[in-house]
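1. sequence plus the predicted model coming up.
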Amino acid sequence: MNVKKQYAVIGLGRFGGSICRTLSEQGMEVLAIDIDEDRVNEFASIASYAVVGDATDENVLKSLGIRNFDHVIVAIGDNIQASILTTLILKELGVQHITVKATNDYHEKVLQKIGADQIVHPERDMGERIANNLLSSNVLDY
Ligand code: ATP
């Protein structure tokens, strides 16, 4: 039996929004969460469920049954404190797999300590990919 994976995306900025949109387009079940009502409204017709909520509030995450999701993506970028606290709560609640967007090296260090399963730096990672693409197309130019 092919059981659909369930994802939750916390923070619907450019990064989280793009993850939410892509997973939804691929037919995945996605719960979209943001503290900003306008952002949530934007995703109401895209995600399976879209809710307004503060992810740093343990009771909000508990009431959404976040523990039952296979994979949670924390895409709160600028508010490092909220990102760390949210990740900590998700770990404590026993979420299986957590991906977090890091804003800088200090942020990453703390996320590692807390036990985030995957830490991404979208701008840095994309810069590396593009540089490598440039290098490989240069090789072909010779
Ligand atoms: P990006 O770089 O991905 O475009 P952004 O600059 O649009 O991000 P950020 O400030 O990084 O926005 O935050 C991403 C989203 O996280 C925002 O939509 C913001 O409302 C949301 N957010 C911030 N704090 C919380 C929180 N405590 N709970 C839920 N969502 C939050």
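-> Yep, it's here.
2. quick one: average pLDDT of stretch 14-22?
-> What stretch 14-22 shows for mean pLDDT is 98.
3. render the CA-only coordinates of that stretch in PDB, please.
-> In PDB, the C-alpha atoms belonging to stretch 14-22 read as follows (Å, rounded to 0.1, in the frame of the first residue of the first chain):
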ATOM      1  CA  ARG A  14       9.500  32.900  -0.200                       C
ATOM      2  CA  PHE A  15      11.300  29.700   0.900                       C
ATOM      3  CA  GLY A  16       8.600  28.000   3.000                       C
ATOM      4  CA  GLY A  17       6.000  29.100   0.500                       C
ATOM      5  CA  SER A  18       7.900  27.600  -2.400                       C
ATOM      6  CA  ILE A  19       8.300  24.300  -0.500                       C
ATOM      7  CA  CYS A  20       4.600  24.200   0.300                       C
ATOM      8  CA  ARG A  21       3.600  25.000  -3.300                       C
ATOM      9  CA  THR A  22       5.900  22.300  -4.800                       C
END
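4. give me the contact list for that stretch.
-> 9-10, 12, 30, 32, 34, 39, 42-43, 46-47, 73, 75-77, 101, 122 (Cβ atoms under 8 Å, 6 or more residues apart in numbering). Where you see a C-beta, it was placed from the backbone N, CA and C, and this is true even at glycine.
5. now the lengthiest helix in the chain: buried residues?
-> Ranked by number of residues, the top helix in the chain under DSSP state H is helix 122-141. Using 16 or more other Cβ atoms under 10 Å as the test for burial, helix 122-141 gives Pro122.
6. name the helices or strands packed onto it?
-> Under the contact criterion of 3 or more Cβ pairs under 8 Å, 6 or more residues apart in numbering; DSSP states H and E, helix 122-141 touches no helix or strand at all.
7. pull the distance from that helix to the chain's centre.
-> Centroid displacement of helix 122-141 relative to its chain, using Cα atoms, centre = their mean, to the nearest Å, is 24 Å.
8. keeping just the C-alphas, turn that helix into CSV.
-> Coordinates of each C-alpha in helix 122-141 appear next as CSV, following Å, rounded to 0.1, in the frame of the first residue of the first chain:
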residue,chain,number,x,y,z
PRO,A,122,18.9,28.4,0.8
GLU,A,123,21.0,31.4,-0.5
ARG,A,124,24.3,29.8,0.2
ASP,A,125,23.3,26.3,-1.2
MET,A,126,21.9,27.9,-4.3
GLY,A,127,25.0,30.0,-4.8
GLU,A,128,27.2,26.9,-4.6
ARG,A,129,25.0,25.1,-7.1
ILE,A,130,25.1,28.0,-9.6
ALA,A,131,28.9,28.3,-9.2
ASN,A,132,29.3,24.6,-9.8
ASN,A,133,27.1,24.8,-12.8
LEU,A,134,29.2,27.7,-14.2
LEU,A,135,32.3,25.7,-13.6
SER,A,136,31.0,22.6,-15.4
SER,A,137,29.8,24.6,-18.3
ASN,A,138,33.2,26.3,-18.5
VAL,A,139,34.8,22.8,-18.7
LEU,A,140,32.5,22.1,-21.7
ASP,A,141,33.6,25.4,-23.3
